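[1] my questions concern the predicted model and sequence given below.
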Amino acid sequence: DITSSPAKYEKFLEDCITQGLCQLLEPAVIVRCRRDDVDRVKKVMSKSQSEYTRITKGKKCTVAVDSSFLPADSSGGVELYSKDGKIKVANTLESRLEMVSSQ
C-alpha cells in the first residue's frame with residue numbers, strides 16, 4: 001500500500017498533480033484530496049507547479065486545495081478541476097486501477 005510509505009506517497013501525489021496540471025493546461029486549478037492528505041498535497045504543490053512550468057516551457061498555473069474532500073474511505077490520490085469546475089481530471093488510486101483493468 002503506497003499510502004503507508006510517506007515519502008513514496010508524497011512523490012505519487014506530486015506526480016499525480018503534475019500530470020493533472022498537464023492534462024488540464026488551465027491557468028487556475030483546484031485540487032481535491034482526502035482530508036488526511038491536505039498537508040501532504042500542500043507540501044508538494046509547489047514542486048508540481050515548478051515541474052508543470054518546466055514541462056510547458058514557461059506556463060504558470062495557480063493551484064488551490066478544494067474545501068471539499070474525497071471520501072475518507074478513498075484509497076488516495078487527487079482529483080483536479082478547472083477553476084469553473086467544468087473540467088475534471090481524476091487521478092485517484094481507484095481511477096488509475098480502473099484505467100489499468102479496462103485495458
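    It's in. Computed from a predicted structure; not experimentally measured.

[2] check what pLDDT the most centrally placed residue in the chain gets.
    With distances taken as CA atoms, centre = their mean, the residue of the chain nearest its centroid is Ile17 (3.1 Å). What the model reports as pLDDT for Ile17 is 98.

[3] and the gap between Gly77 and Ser4?
    For Gly77, the distance to Ser4 (CB to CB, to the nearest Å) stands at 15 Å. Where you see a C-beta, it was placed from the backbone N, CA and C, and this is true even at glycine.

[4] do Val41 as well
    Using CB to CB, Val41 is found at 17 Å from Ser4.

[5] more crowded one of Gly77 and Ser4?
    Shown here are Gly77 and Ser4; by other CB atoms under 10 Å, Gly77 has more neighbours (26 against 7).

[6] contacting residues around that one?
    Neighbouring residues of Gly77 by CB atoms under 8 Å, 6 or more residues apart in numbering: Phe12, Leu13, Cys16, Cys33, Leu70, Asn91, Thr92, Leu93, Glu94, Ser95, Arg96.

[7] do you know the pLDDT at the closest residue to the fifth one other than its chain neighbours?
    If I follow you right, that is Leu70. What sits nearest to Leu70 in space, not counting adjacent residues and going by CB to CB, 6 or more residues apart in numbering, is Arg34, at 4.8 Å. On the pLDDT scale, Arg34 is placed at 97.

[8] so Arg34 sits against Phe69, correct?
    Yes - if you go by CB atoms under 8 Å, Arg34 and Phe69 touch, sitting 5.9 Å apart.

[9] those two: which is more packed in?
    The neighbour count for Arg34 versus Phe69, taken as other CB under 10 Å, is higher for Arg34 (20 against 15).

[10] would you map the helices across this protein?
    6-24, 38-55, 93-101 (DSSP state H).

[11] of the ones you listed, which is nearest Lys86?
    Nearest to Lys86, of all these, is helix 6-24, at 10.7 Å by CB to CB.
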